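Visitor: Based on what follows, work out the 3D shape:
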Amino acid sequence: MSLQAKLTAGALVAAGFLLLYWQVLGKLVLAWWTDDNYSHGFLIVPVAVYFAWERRRRFVAAPVAPSSAGLVIIIGSVFVLTAGVLGSELFLTRISIVGTLVGIVLFLFGWQRLRVLAFPLAFLLLMIPIPAIIFNQIAFPLQLLASRVGEAAISAAHIPVLREGNVLILANTTLEVAEACSGIRSLVSLLTLGIVFGYVADSRGWVRTLIAVSAVPVAVVANGARVAGTGIAAHVFGAAAAEGFFHEFSGWVVFVSSFLMILALHRVVVWLAPPAVASPSAVASAA
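Guide: A predicted model of the protein is given here:
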């Protein structure tokens, strides 16, 4: 097939994909714009494209063996899209985007090239908001956990505090650990950042997995520390310290501190298990 024919075929596939999903993509972008929990979605697609571009030589080197299984996946994804549209279920319509992309790659290029693009395609899942029913099941336990951590830290600072559910009662003010303060926003963002950092910083799979997984406990502990810090600041400086600019600024400070903790963890891992250094002859052979 000539280059012009390949470009034409690619353009037709892209046009068909956009024609099928333009409404879904529009609503997805709107969700990124209006929901602070998923504002990182704007970065997911460019980063996934970079990961795919980085693998372009491996992709071209892999043999082309189109598979009819890809057509089955495409049809299944379109069925999921239709079911989501009829049932007004946004998550189904959005998850079908990734399924359709997987099916296209498999149908046109085969399994080996799909394996090359597996990570960039899987990374796209991070752009899809969690269904509300699952989001609430995660957010509320995180609220309670942050409240417990905050209560323990405030008590350790010898400040009288009473916790009732997700409400912390101090001598001069009352703090509610609302859904926005549950830490799920920083958890999702930090998980995304941990995956990207692990991929860039280390080539070993187990190290990348460790860094990504570590984002979860780091985010939980950091958010609990934020609640405790807010309570202590409110006790010392008054209720104004738990509102407005100071409250928002503390969120950024905690997020940066969380990322620094992940950086420190990576340094410890590298110190304990340094990556193998290739010999000069191996490097020359690979070149």
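
Visitor: secondary structure class for the most centrally placed residue in the chain?
Guide: The centroid of the chain falls nearest to residue 192 when counting by Cα atoms, centre = their mean (3.3 Å). Look at residue 192: counting by DSSP: H, G, I helix; E, B strand; the rest coil, its state is helix.

Visitor: Which parts of the stretch 151-287 of the chain are strands?
Guide: 162-164, 167-169, 174-176 (DSSP state E, counting those that start in this stretch).

Visitor: on that earlier part again, model confidence for the residue nearest to the centre of the chain, exactly?
Guide: For residue 192, the pLDDT comes out at 88.

Visitor: same deal with residue 74?
Guide: 92.

Visitor: show me the contacts for it.
Guide: Neighbouring residues of residue 74 by Cβ atoms under 8 Å, 6 or more residues apart in numbering: 99-100, 103-104, 107. Where C-beta positions appear, they are placed from N, C-alpha and C, glycine not excepted.

Visitor: Return the closest of these with respect to residue 177.
Guide: residue 99 (36.7 Å; Cβ to Cβ).

Visitor: Tell me if I am right that that closest one is in a helix.
Guide: Yes. Secondary structure assignment (three-state DSSP) places residue 99 inside a helix.

Visitor: I'd assumed residue 72 was in contact with it.
Guide: No. Contact criterion Cβ atoms under 8 Å: residue 99 and residue 72 do not qualify, at 10.8 Å.

Visitor: who's more crowded, these two?
Guide: The neighbour comparison of residue 99 against residue 72 (other Cβ atoms under 10 Å) goes to residue 99, with 18 against 13.

Visitor: For that one, which non-adjacent residue is closest in space?
Guide: Distances taken as Cβ to Cβ, 6 or more residues apart in numbering place residue 77 nearest to residue 99, at 3.5 Å, with adjacent residues excluded.

Visitor: likewise residue 72?
Guide: residue 103 (7.5 Å).

Visitor: ok, now which ones touch the one you found?
Guide: 70-77.

Visitor: mind listing what's buried in the strand or helix carrying residue 114?
Guide: Counting by DSSP states H and E, the element that carries residue 114 is helix 111-116. Of all the residues in helix 111-116, those buried under the rule 16 or more other Cβ atoms under 10 Å are 113-114, 116.

Visitor: Need these in a markdown table (columns: pLDDT and distance to residue 94).
Guide: Formatted as a markdown table, these follow (pLDDT from 0 to 100; distance: Cβ to Cβ, whole Å):
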| residue | pLDDT | distance to residue 94 |
| --- | --- | --- |
| 113 | 93 | 24 |
| 114 | 94 | 21 |
| 116 | 94 | 24 |
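
Visitor: rewinding a little: contacts for the helix holding residue 114 next, please.
Guide: Applying Cβ under 8 Å, 6+ apart, the contact partners of helix 111-116 are 55, 58-59, 62-65, 67, 102, 105-106.

Visitor: filter the residues you listed to the buried ones?
Guide: 55, 59, 62, 67, 102, 105-106.
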